[in-house]
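Asks: How does the following fold in three dimensions:
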Amino acid sequence: MNIICFPFERVIEINAIILATEPGMKGAVDIPKLQGALSRIDNAIVYQGLDDVFEIAAKYTASIAMSHACPDANKRTGLAVALEYLSLNDFELTQDNELLANAVRDLVIREIDEADFADVLYAQYLLSIK
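Replies: Residues are numbered from 1 along each chain as shown. Now for the predicted structure:
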């Protein structure tokens, strides 16, 4: 499988689009903090053998949402990156955005972990292909 790594510039673009179209505080992205968050995913892929696209998408969501590198919309940005990452890997999720938003919130407040969030993403994918 060819793993696609997400560039920090695209994360910044996604955050800017969200903040241009939805409520949120605008400001500068803390690029070193964002790069650090994204490096956690790259390290897990390279050194821990992480190769499941849903687990990688969950790690993108968690790392971006919890790093607070963006001025606002960190959770929305993390979810949008995960969905785009899955799409780039030919997994389209078209079901229940509210469920996904609630799952991201639960991930950030640690009511669920990354594996649980990956399961939510996968379950939503399965619903999308039916």
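Asks: From now on I want contacts and neighbour counts done on CA atoms only, so please keep to that.
Replies: Noted.
Asks: Work out for me the element the most centrally placed residue in the chain sits within.
Replies: Computing the C-alpha centroid of the chain and ranking residues by Cα atoms, centre = their mean puts Thr61 first, at 2.7 Å. Taking DSSP states H and E as the definition, Thr61 sits inside helix 53-67.
Asks: one step back: let me see the confidence value for the residue nearest to the centre of the chain.
Replies: Note for Thr61: predicted pLDDT of 98.
Asks: Could you do the one 5 residues further on as well?
Replies: Among the per-residue scores, Met66 shows a pLDDT of 96.
Asks: circling back to that earlier point, isn't the residue nearest to the centre of the chain up against Glu84?
Replies: No: assessed by Cα atoms under 8 Å, Thr61 is found out of contact with Glu84, at 11.0 Å.
Asks: Any regions of this structure where pLDDT drops low?
Replies: Applying pLDDT under 70 to the chain flags residues 1-3.
Asks: Show me where it has its helices.
Replies: For the chain, the helices defined by DSSP state H occupy 8-21, 31-47, 53-67, 74-88, 97-108, 114-129.
Asks: so how far is the last one off the chain centroid?
Replies: From the chain centre to the centre of helix 114-129 is a distance of 13 Å (Cα atoms, centre = their mean, to the nearest Å).
Asks: What are the contacting residues of it?
Replies: 54-55, 57-59, 62, 91-96, 100, 103-104, 107 (Cα atoms under 8 Å, 6 or more residues apart in numbering).
Asks: Quick one: residues contacting Phe54.
Replies: Counting by Cα under 8 Å, 6+ apart, Phe54 touches Leu86, Ala118, Asp119, Leu121, Tyr122.
Asks: Of all pairs in those residues, which one is the farthest apart?
Replies: Maximum pairwise distance among those (Cα to Cα): 13.3 Å, between Leu86 and Asp119.
Asks: Look at the two and report which has more neighbours.
Replies: Neighbours per residue (other Cα atoms under 10 Å) separate Leu86 from Asp119, with Leu86 holding more: 21 against 15.
Asks: The more buried one and Phe6: what is the separation?
Replies: 11 Å (Cα to Cα, to the nearest Å).
Asks: and what of Pro32?
Replies: Pro32 is 15 Å from Phe6, by Cα to Cα.
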